[in-house]
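[1] Any chance you could fold what I've pasted below:
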Amino acid sequence: MKVLFVFKGSVFEQINPIEMDLNEGSTILDALNLVSEKKPKLRSLLFRDGQLRSDILVIVDKTDVLSMGLLDFQLSNNQEITILPLAHGG
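    Reported below is the predicted structural model:
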């Protein structure tokens, strides 16, 4: 299945959208780990001490998955994952 990662905000301004093929049943957290393996410079922007950073927003199809506790939610084909820093400027 295909998933599109979109990065917004000044911290991510040099990162173009990334489309990835994921295994069926992949979760949002699986996808974040895989994209950070594909683009190693993302690792420190997404994770700190092995945990997802608390100063970013992860939005899947207009839902803030971090605040809803949905990192274990299984993704579907053609979903969009938008990542932006909390201090993104409005």
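
[2] what's the closest non-adjacent residue to residue 76?
    residue 1 (6.9 Å; C-beta to C-beta, 6 or more residues apart in numbering). Quick note: C-beta positions are derived from backbone N, CA and C, even for glycine.

[3] And for residue 26?
    Excluding the flanking residues, the one nearest residue 26 by C-beta to C-beta, 6+ apart is residue 75, at 5.6 Å.

[4] Tell me who's in contact with the residue nearest to residue 76.
    21, 22, 23, 24, 26, 75, 76, 77, 78 (C-beta atoms under 8 Å, 6 or more residues apart in numbering).

[5] picking that back up, just to check, the residue nearest to residue 26 is in contact with residue 31?
    Yes - taking C-beta atoms under 8 Å as the definition, residue 75 is a contact partner of residue 31 at 6.1 Å.

[6] between these two, what contacts are shared?
    Counting by C-beta under 8 Å, 6+ apart, the contacts common to residue 75 and residue 31 are 3, 22, 81.

[7] Residue 41: which of those residues is nearest?
    Nearest to residue 41 among these: residue 81, at 17.2 Å, using C-beta to C-beta.

[8] which outside residues touch the longest helix seen in the chain?
    As assigned by DSSP state H, the longest helix anywhere in the chain is helix 28-38. Contacts to helix 28-38, defined as C-beta under 8 Å, 6+ apart, come from residues 3, 5, 18, 20, 22, 26, 42-43, 46-47, 52, 58, 60, 65, 70-73, 75, 81.

[9] Are any of those residues buried, and if so which?
    The neighbour count (16 or more other C-beta atoms under 10 Å) marks 3, 5, 22, 26, 42, 46, 58, 60, 65, 70-71, 75, 81 as buried among the contacts of helix 28-38.
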